[in-house]
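> Any chance you could fold what I've pasted below:
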Amino acid sequence: MRTLTIQLPEPLRQAIEALAAKECYSVSQFLASAASEKPAVVLTMDYLRREAATGRHENFEKYLAAVPDAPPSLAMNCDHVLDTKQKKPATNTSALEREIDQQVHVLYGLTPEEIKAVENPTTQK
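From the prediction side, this is the model:
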């Protein structure tokens, strides 16, 4: 890892510190997580735009029909995380969130390479 020094407006720095504390993360962990989310979103949107530009509605319907229904345990775990975070936002639900990720991997039959691409999209070329 490398160190990166950035300058932030004071209100933003205070907001980041408060959110990190609320989520039980260090400021470094919080910023690393936030920094990794933005490229993932941009890359996903770029990919979806490219796919949408070349796609056809009948193909969309065909692929959508192939998406499996989530098992009840997956929905229950998601509901549990959401309920917990709503009632006690500082609660660490990372273990259950990892379990949800694993259930989704199984649900979609992802290979180890696909899981790596999903979990670390910025390392893919």
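> Let me see the domain layout of the protein.
Following the assignment in automatic domain parsing, the chain carries domains at 9-65, 68-125.
> For the last one, the averaged confidence score.
In other words, domain 68-125. Domain 68-125 shows an average pLDDT of 87 in the prediction.
> Centre of the chain to it, how far?
For domain 68-125, the separation from the chain centroid amounts to 8 Å (computed by C-alpha atoms, centre = their mean, to the nearest Å).
> residue contacts, N92?
Contact analysis of N92 by C-beta atoms under 8 Å, 6 or more residues apart in numbering lists C24. Any C-beta I mention is one placed from the backbone N, CA and C, and that applies to glycine too.
> How about the secondary structure of it?
Three-state call for N92 (DSSP: H, G, I helix; E, B strand; the rest coil): coil.
> Got phi/psi on it?
Dihedral pair for N92: phi -80, psi 110, per degrees, to the nearest 10.
> Identify each of the helices in the protein and give its residue range.
Remark: helices of the chain, listed N- to C-terminal, are 10-22, 27-54, 57-65, 72-87, 94-107, 112-119; assignment by DSSP state H.
> so which of these gets nearest L4?
Comparing these against L4 with C-beta to C-beta, the closest turns out to be helix 27-54 (8.8 Å).
> List the buried residues for the closest one?
Along helix 27-54, the positions that meet the burial threshold by neighbour count (16 or more other C-beta atoms under 10 Å) are F30, L31.
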